[in-house]
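A.B. asks: Got a sequence here, can you build the structure:
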Amino acid sequence: MLLSELNGIGEKTEKIFNRAGIEKVEDLMSYYPRYYDTYEEPVLVPDLECDKTQSVYATVVRDPVIRRAKRLVIVQGYLRDQQGNGFLATWFNAPFLKSKLTLGSKFVFRGYVKEKNGSFVMDQPKIFGVQEYERKMGEMQPVYPLVSGLTNNMVQKAVKQAFELIEPEEVLPKELLETYQLLGREKALYQIHYPQNIKEMTEARNRLVFEEFFSFIYSLKLLKENNEKLPNQHVLIEPEAVQNLIEELPYDLTKAQLRTWEEIKNDFQSQNAMNRLVQGDVGSGKTIIAILALLTAALNGKQGAMMAPTEVLARQHYDNILKLLEENQIDCKPVVLVGSMTAKEKREAYALIESGEAQIVIGTHALIQEKVQYHNLALVITDEQHRFGVRQREAISTKGDNPHVMVMSATPIPRTLAIIVYGDLDISIIDELPANRQPIANCVVGKDYRPNAYDFMKKQIAQGRQVYVICPTVEYSEAVEGENVIEYADKLKHVMPPSVAVSFLHGRMKASEKNEIMDRFAKNEIQILVSTTVVEVGVNVPNATVMMVENAERFGLAQLHQLRGRVGRGQYQSYCIFMNGSGKKDATERLNILCQSNDGFFIANEDLRLRGPGDFFGVRQSGDFEFRLGDIMNDAGTLKKASDAVKKIVDKEINVSAQEFAQLNKMKQNQINI
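C.D. replies: Purely as a prediction, here's the structure:
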């Protein structure tokens, strides 16, 4: 059913919804809230808490003041609670409020509380009539993820109409629902949008997370069964040049690297095609193992291809391989293929690949385009596999005659979960770091430490080093509390000396813009890069020595560890500053786990051990796996249940009717692309 069939959605509005990934009316039902707003009893000004959204019943005691700053119109209202305690409220680009906030008028003001110059300030508060607010108290109002032009109210109205027009179809077998005591799909979808209380929301979420995991694992199970039947069409023997290269490297491979390389060599000569995950912590040396595998394919007269998630990373891999080949005088031709290349450059690359002259091919998604024809593809490597997903992996595999497949991931999840999540792959774990890798110095601090952090950054930059600053959001939003990239970068430009180049990076930018920024940062043309987590998988910048994460409490530990891996990649001592914006003691305790160890697997296991019900819609422990609701760390129990359920279905321990089996196959076709 088309979105345009809903009331209030015309052609222009439909395009806005499309940008949020909502193409059909059915999509609205699975466009889940990011969290819920609960309207609590208004408090007095002395009871306000900083960095929290709260409500105050107050009177306007002065006419609002309007001033302009750059492109902003700022409205300031002077308010007092029932006991005469004053506070200031600020709104942006809302000059019409001047006529509403008349002297003596009384409202409930609800907004994000900050402290400035010893007084409380409420940013961008919503204004409610007293009776209007009383009606909302106790409700759980869904707050949805938004894109530019889309408001929470627009989504709420559209979702309401969707439920009036469509009856969601059940996708799980009836006996499965009974065995695992799950809500029916229709009830779960309704309750996730309109819960009466936390219990209802939790029930709904548990059912939908189970469904996500079940769908994914069921698809992987069938994929693995197919892959296990694939014969090895490319028997690859380790060439002498590769053995010599290992001996000539300026460092010794670790025991874990050597063990992994042995497993890969055994796969190359086994009866079935390789289908292996190489899981290793940031900096554990996965890339050199990938290069050895690519060279083995090339020197056996075949082709090897490696797909990276970003153009910058693809070019970096290409440069590293080229340098290694030249230094060791190995006769082998690599080629790079990325989307930003000119038409002529692409044509030349296509010709080299098709003829077989290019024995090693490095690129991005461009490698799986229809125009790319391989000569004799024997090995496919995907870097940071979770960012491509099963479908893309299958797409590049079909470019050759059952090539060996190796996927690499730096996501440090416990092996018990990895076996489930990477169910179609054999697993190798590189669980030790090279001896020359310097440990990163870590600290967890409160916001009052920020001036010290800025001074430290200045000193590091004066020594020629570079800095990452991570913020949780792209731009200011009244729906999300925390620092944002755009305003923070602007603030740093005023804090730092004029000679320090500050720039920002986020996921909404065009690929060409992101590549340009990362390239300039790699060349030290930018000294401070303010970014969202988009840098988590990025270019290798050995000169970057400081990583500061604002509102670190809003990220999962596994994700923070991944971010930390952007520094400590060179010869210089590196530092990571985790800023606890909430000031809460439990958040500090959780973040301190990162100070105890630089071992991602230890952190992942501690994360799993300590997790509780938590904030289901807040901290994500393993955000790389892009399930809509589920998180493999926070929902580890549900993940294991879903895995158990798939086994029961496959082993026929649960009865499935012909109609239900058809629905399962339909689910497989629509499996989550993570």
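A.B. asks: Now the longest helix along the chain: average pLDDT?
C.D. replies: As assigned by DSSP state H, the longest helix anywhere in the chain is helix 198-228. Averaged across helix 198-228, pLDDT comes to 85.
A.B. asks: Give me the buried positions along it.
C.D. replies: Across helix 198-228, burial judged by 16 or more other Cβ atoms under 10 Å covers 200-201, 203-224, 227. To be clear about C-beta, it is placed using only N, CA and C from the backbone, and glycine gets the same treatment.
A.B. asks: What are the buried residues along the helix or strand just after it?
C.D. replies: Going down the chain from helix 198-228, the next helix or strand is helix 240-248, by DSSP states H and E. By neighbour count, with 16+ other Cβ under 10 Å as the criterion, the buried positions of helix 240-248 are 241-242, 245.
A.B. asks: which helices and strands does helix 240-248 pack with?
C.D. replies: Helices and strands touching helix 240-248, by 3 or more Cβ pairs under 8 Å, 6 or more residues apart in numbering; DSSP states H and E, are helix 286-299.
A.B. asks: who's in contact with the helix it packs on?
C.D. replies: Identification of contacts with helix 286-299 by Cβ atoms under 8 Å, 6 or more residues apart in numbering yields 234, 236-239, 241-242, 245-246, 249, 253, 257, 260-261, 264-265, 268, 278, 280, 303-304, 306, 317, 320-321, 324, 330, 332, 359-360, 378-379, 381, 383, 404, 406, 408, 410, 430.
A.B. asks: okay, the angle between it and helix 240-248?
C.D. replies: 150 degrees (axes from the mean of the first three to the mean of the last three Cα atoms, to 10 degrees).
A.B. asks: Let me know the average pLDDT across helix 286-299.
C.D. replies: What helix 286-299 shows for mean pLDDT is 96.
A.B. asks: Check the offset of the next helix or strand after that helix from the chain's centre.
C.D. replies: Scanning forward in sequence from helix 286-299 by DSSP H and E, the next helix or strand is strand 303-307. Distance of strand 303-307 from its chain centroid, counting by Cα atoms, centre = their mean, to the nearest Å, is 25 Å.
A.B. asks: Adjacent strands (with direction) for strand 303-307?
C.D. replies: When sheet partners are counted by DSSP bridges, strand 303-307 sits next to strand 360-363 (parallel), strand 377-383 (parallel).
A.B. asks: Lowest mean pLDDT across those strands, which one is that?
C.D. replies: Least confidently modelled of these is strand 377-383, at a mean of 90 by mean pLDDT.
A.B. asks: For the stretch 351-500 of the chain, which segments count as strands?
C.D. replies: Secondary structure of the stretch 351-500 of the chain, counting by DSSP state E, counting those that start in this stretch: strands at 360-363, 377-383, 404-409, 426-430, 441-446, 466-470.
A.B. asks: Looking at those, which is nearest to T416?
C.D. replies: strand 426-430 (11.1 Å; Cβ to Cβ).
A.B. asks: what does the closest one rub up against?
C.D. replies: By Cβ under 8 Å, 6+ apart, the list of residues contacting strand 426-430 from outside reads 254, 256-257, 259-260, 263-264, 267, 274-281, 284-286, 289, 415, 418-419, 601.
A.B. asks: Show the average pLDDT along it.
C.D. replies: For strand 426-430, mean pLDDT rounds to 87.
A.B. asks: Can you give me the buried ones in it?
C.D. replies: In strand 426-430, counting by 16+ other Cβ under 10 Å, buried: 426, 428-430.
A.B. asks: next one: stretch 415-432
C.D. replies: Neighbour counts over stretch 415-432 (16+ other Cβ under 10 Å) mark 417-418, 420-426, 428-432 as buried.
A.B. asks: in the protein, which ranges drop under the pLDDT threshold?
C.D. replies: Applying pLDDT under 70 to the chain flags residues 223-229, 384-397, 412, 424, 475-482, 536-539, 607-626, 668-674.
A.B. asks: at 50 instead, please
C.D. replies: The chain contains residues with pLDDT under 50 at 386-388, 478-479, 612-624, 672-674.
A.B. asks: Send over the strand or helix carrying E348 as PDB, restricted to the C-alpha atoms.
C.D. replies: According to DSSP H and E, E348 maps onto helix 343-355. This file holds the C-alpha atoms of helix 343-355, laid out as PDB (Å, rounded to 0.1, in the frame of the first residue of the first chain):
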ATOM      1  CA  ALA A 343      34.900   6.600 -16.300                       C
ATOM      2  CA  LYS A 344      38.300   6.200 -18.100                       C
ATOM      3  CA  GLU A 345      40.000   4.900 -14.900                       C
ATOM      4  CA  LYS A 346      37.200   2.400 -14.300                       C
ATOM      5  CA  ARG A 347      37.300   1.100 -17.900                       C
ATOM      6  CA  GLU A 348      41.000   0.500 -17.600                       C
ATOM      7  CA  ALA A 349      40.500  -1.300 -14.300                       C
ATOM      8  CA  TYR A 350      37.700  -3.400 -15.800                       C
ATOM      9  CA  ALA A 351      40.000  -4.500 -18.700                       C
ATOM     10  CA  LEU A 352      42.800  -5.400 -16.300                       C
ATOM     11  CA  ILE A 353      40.400  -7.500 -14.100                       C
ATOM     12  CA  GLU A 354      38.700  -9.200 -17.000                       C
ATOM     13  CA  SER A 355      42.000 -10.200 -18.800                       C
END
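A.B. asks: about what we covered before: selection in ChimeraX covering whichever of the contacts of strand 426-430 are buried, please.
C.D. replies: This is the ChimeraX syntax for the buried subset of these, where burial follows 16+ other Cβ under 10 Å:
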select :254,256,257,260,263,264,267,274,275,276,277,278,279,280,281,284,285,286,289,418,601
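A.B. asks: List the buried residues in stretch 175-190.
C.D. replies: Neighbour-count burial for stretch 175-190, counted by 16+ other Cβ under 10 Å, picks out 175-177, 180, 182-183, 185, 188-190.
A.B. asks: what's that stretch in contact with?
C.D. replies: By Cβ under 8 Å, 6+ apart, the surrounding residues in contact with stretch 175-190 are 29-30, 163, 167-172, 191, 203-204, 206-208, 210-211, 641, 645, 648-649, 654-656.
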